[in-house]
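Q: Just need the structure, nothing else, for what follows:
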Amino acid sequence: MPKLNTTVKSVRIDNDTLSELENRIDGTFNSWLNGVIEEYLKSEKPKKPDSTGVYPTIDKPIADNLSRMAVFMGTDLSGLVSALNDGLEDGSLSYEKGRLIGQSELKMDRFYEICHDRNLDRQKAFDRLVNMLERS
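A: Residues are numbered from 1 along each chain as shown. Coordinates of the predicted model:
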């Protein structure tokens, strides 16, 4: 039974998109959409940049520290944030467990698996590999 205090709104969705969405969601489109709306309303509303272009959710000491790091790297805060954005977009950086992780262009998964399977310290195994290559 629908609640009495509700409003009906029509939504225009491409048929293929709706079909794909209905295949992915658990339940009806209406209940899914209501859940998404409730979660959005519970979350903090995204803030807009102030007149300086800086988002107010960045604490001033952190922004100042990032600015100093950027100058050390030969750029400004905008350049540093742009580089972070590019790295996250192209996959060379990822955000995992509260940390930025640089992703190597090398595919190291197999090396990590072997080290894990043989209970080897990855750094020591890598150092031994480098030593072997130097000798060859």
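
Q: ok, now which ones touch the residue most central in space within the chain?
A: Centroid-nearest residue in the chain: Y95, 5.3 Å away (criterion: CA atoms, centre = their mean). By CB atoms under 8 Å, 6 or more residues apart in numbering, the contact set of Y95 is L88, I101. C-beta here means a position set from N, CA and C on the backbone, and glycine is covered the same way.

Q: start at 70 instead
A: Okay, residue one is now 70; in that scheme the one you just asked about reads as Y164.

Q: Let me know the helix or strand that it is in.
A: In the assignment (DSSP states H and E), Y164 maps to strand 162-165.

Q: which strands and helices sit next to the helix or strand immediately after that strand in the chain?
A: Sequence-wise, the next helix or strand downstream of strand 162-165 (DSSP H and E) is strand 168-171. When contacts are defined as 3 or more CB pairs under 8 Å, 6 or more residues apart in numbering; DSSP states H and E, strand 168-171 sits against strand 162-165.
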